[in-house]
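Asker: sequence-free structure coming up:
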DNA sequence: CTGAAAGCGCTAACAG
DNA sequence: CTGTTAGCGCTTTCAG
């Protein structure tokens, strides 16, 4: 898959040197407008387009950024991808997308691959908060890296994320306003920063004095995976108990879908008997019956910010490390009463 | 994001010429085993990895293939992506993935982008059967192209897809076996080959003698989009009619989810009153209540075949154009009773 | 089997 | 403002 026309051809057709042709083609400031016009004409006549590899080899830039997400089968991540892609397209750049398949090993390989391809920067949604660190830190040595949505303790990487504590607070406040006096959290093991922060926020909200940590004092939490199956399993555990809680806060929509489906199977009516609220505001949550109340993060703005941080850092390598936190908002739908 | 170590460094460290180093690194047949060993050692000591761009510039190959899908927010397509990606990883190659955002214009841009990046081949799931053709034909000029799942009338492109007529036949046969004597098809306008073929198959199945085409003879069909909203809308139209059909065949799971949700809202019990079957066997269909009976295509095998066709063609440019059709199978779940 | 040297296509010095 | 020239890092003739 190759392009035949080269700068030399364009230069010849325009009757100038390759240097002038190149300058005209890259909108270099100092070039006679008339020459420039001729070159551009020749270029489009011949259907010229610069060889990406020759240019990259020379300039050490690729006008491409790389992105690695934990799973491409996840609404929330693909929304982030689309937002980043749009942002880049607006500045004439493109994206190489990689899927880590929820595996730290694959993630490391993909990061390595993108670094080899000399992407101008890397946006990573890390698979885990800890095991993903080595690969990320290695990438940081080579160029700017921004962590998106999930944080990892990798030195030198900027971060753009949502305020999980606030999002969870909104869930709990909303449920209480709806009259829920007992609330259970169904989330994921704290292997990602988001799972950790949401769970922590829930615990803290359940012990308002911030004091005693004795059993029964804080609201109970069930921790598993970010998956439909875990939502099902956790709900079965709740159903097996003496009484159901008035409200359930889920760590992600995919879990909530499992919860809703299992509650319905058991004949429990949502939101009348139990109210369910969740996190992500994904496509999925709008397909359920009842539709899910869910915390929405401003993913487009977050994506734009991630690209901006990348650009800042490729300017000055020594820029201080930054965290940029966005406030989420709860979108209320039928699953919490209306 | 650059690598510092070059072949020259490796050659120096191993005490050989760059030519020998290069040969050893690329497993060239004619190179003294002892030299080779020294080079490989030096290479790993220095943490060498070849500059992708210099190599591509020289060899005109990138060990990368490009893939363009209509939407990254679609289970079925992301399953195809994962399958292709796995297949490539097995042969040490990688994938650049692009999202056409359901737009023919974006699709054309992305195809152009990938061609410029000199991918060794292109796998495209076209946005439409007709408007996508020019961009694809242009790509065919530059290198091997395989259409996956959806066909488009682009000269020179190979095709790997499922047998939609057979899949639809399985749906209809199954519904009839379940006692449905009236069946409606809810699908998409024939802008993609899959929508076209499924609708056509349905029509032909409803007129068993293949003869008269008068109104009322063939089963009725509602055509809209591949979307949740269209499933909702079509179902409202059905509910507004005198009687509901015994069975509904949907053109895709996403439509079926809209259908199921609207039927439930109206108090119609699936599968007791109406049976619903669909196409794609996506993740989505396993989350509904009742779970969807759906036609499953062997996407992994199809992906592997797509890569194989690509490789065949990059061997001999004049290879005859091929279509490779895979048989689907219906996965029966609760939405058609059991 | 190995080395010297050419050059993939491009842009950036450096002269003019 | 324009042209000449060097070279990014790699592979591959072409000689030896």
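Answerer: Yep, it's here. All values reported here derive from a predicted model rather than from experimental measurement.
Asker: give me the number of residues near the residue of chain A found nearest DNA strand D?
Answerer: When distances are taken as CB to the nearest atom of the strand, chain A reaches nearest to DNA strand D at residue A:32, 2.8 Å away. No exception for glycine: its C-beta is placed from N, CA and C like everyone else's. As a burial measure, residue A:32 scores 13 neighbours (other CB atoms under 10 Å in any protein chain shown).
Asker: Could you do the one 5 residues further on as well?
Answerer: Counted with other CB under 10 Å, the burial measure for residue A:37 works out to 12 neighbours.
Asker: check which helix or strand covers it.
Answerer: Assigned by DSSP states H and E, residue A:37 belongs to helix A:33-46.
Asker: Now residue A:77: closest residue in space, sequence neighbours ignored.
Answerer: residue A:69 (4.3 Å; CB to CB, 6 or more residues apart in numbering or on different chains).
Asker: correct me, but the one you found touches residue A:102?
Answerer: No. The criterion here is CB atoms under 8 Å, and residue A:69 misses it with residue A:102 at 9.9 Å.
Asker: So for these two, which sits in the more crowded spot?
Answerer: Neighbour count, other CB under 10 Å: between residue A:69 and residue A:102, residue A:69 has more, with 29 against 16.
Asker: Quick check: phi and psi at that one.
Answerer: phi -120, psi 150 (degrees, to the nearest 10).
Asker: Next up, the contacts around it.
Answerer: By CB atoms under 8 Å, 6 or more residues apart in numbering or on different chains, the contact set of residue A:69 is A:77, A:78, A:80, A:81, A:97, A:98, A:99, A:100, A:125.
Asker: Residue A:119 - how many residues pack around it?
Answerer: Residue A:119, neighbours per other CB under 10 Å, totals 27.
Asker: quick one, phi psi at the residue lying closest to it once chain neighbours are set aside?
Answerer: Nearest in space to residue A:119, with sequence neighbours left out and distances taken as CB to CB, 6+ apart, is residue A:66 at 3.9 Å. Main-chain dihedrals, residue A:66, degrees, to the nearest 10: phi -110, psi 150.
Asker: So residue A:66 versus residue A:96, what's the distance?
Answerer: Relative to residue A:96, residue A:66 is positioned 5 Å away (CB to CB, to the nearest Å).
Asker: Comparing the two, which residue is more hemmed in?
Answerer: Between residue A:66 and residue A:96, counted using other CB under 10 Å, the more crowded position is residue A:66 (26 against 23).
Asker: list the buried ones in stretch A:179-195?
Answerer: A:180, A:183-188, A:190-195 (16 or more other CB atoms under 10 Å in any protein chain shown).
Asker: Would you mind splitting chain A into its domains for me?
Answerer: Recorded structural domains for chain A (assignment: automatic domain parsing) are A:7-50, A:64-162+A:299-327, A:164-297+A:330-336.
Asker: what's the span of the first one, first residue to last?
Answerer: Okay, so that is domain A:7-50. Start and end residues of domain A:7-50 are separated by 7 Å (CA to CA, to the nearest Å).
Asker: quick one on the thing from earlier: which neighbours do residue A:66 and residue A:96 share?
Answerer: Contacts common to residue A:66 and residue A:96, judged by CB under 8 Å, 6+ apart, are A:114, A:117, A:119.
Asker: thinking the first one is in contact with residue A:62, fair?
Answerer: It stands for residue A:114. No. Look at residue A:114 against residue A:62 with CB under 8 Å: they stay out of range, at 10.3 Å.
Asker: Can you tell me what sits against stretch A:266-277?
Answerer: A:171, A:174-175, A:178, A:180, A:235, A:239, A:244-250, A:256, A:259-260, A:263-264, A:290, A:292-295, A:330, A:334-338.
Asker: Which members of the residues you listed are classed as buried?
Answerer: Buried among these (16+ other CB under 10 Å): A:171, A:174-175, A:178, A:180, A:235, A:244-250, A:256, A:259-260, A:263-264, A:290, A:292-295, A:330, A:334-337.
Asker: gap between the closest residue to residue A:337 other than its chain neighbours and residue A:277?
Answerer: Counting by CB to CB, 6+ apart, residue A:337 lies nearest to residue A:271, which is 4.2 Å off, once chain neighbours are set aside. To residue A:277, residue A:271 is 10 Å away according to CB to CB.
Asker: Same drill for the two, tell me which one is more crowded.
Answerer: residue A:277 (29 against 20).
Asker: Can you read off the pLDDT for the more buried one?
Answerer: Per-residue pLDDT puts residue A:277 at 98.
Asker: residues from chain A in reach of DNA strand C?
Answerer: Residues of chain A found near DNA strand C (CB under 7 Å from any atom of the strand) are A:2, A:6-8, A:18-19, A:22, A:25-26, A:48, A:50-51, A:54-55, A:57-59.
Asker: swap the cut-off to 6 Å and go again
Answerer: Listed as neighbours of DNA strand C in chain A under the rule CB under 6 Å from any atom of the strand: A:6-7, A:18-19, A:22, A:25-26, A:50-51, A:54-55, A:57-59.
Asker: Compare the residues you listed and tell me which is most surrounded.
Answerer: Most surrounded of the residues of chain A next to DNA strand C: other CB under 10 Å gives residue A:7, at 22 neighbours.
Asker: so where is the stretch 151-300 of chain A shaky, pLDDT-wise?
Answerer: A:208-219 (pLDDT under 70).
Asker: what residues are up against residue A:224?
Answerer: A:186, A:187, A:188, A:189, A:230, A:233, A:234, A:255.
Asker: Then the fifth one would be within a helix, right?
Answerer: Okay, so that is residue A:230. Yes. According to DSSP: H, G, I helix; E, B strand; the rest coil, residue A:230 belongs to a helix.
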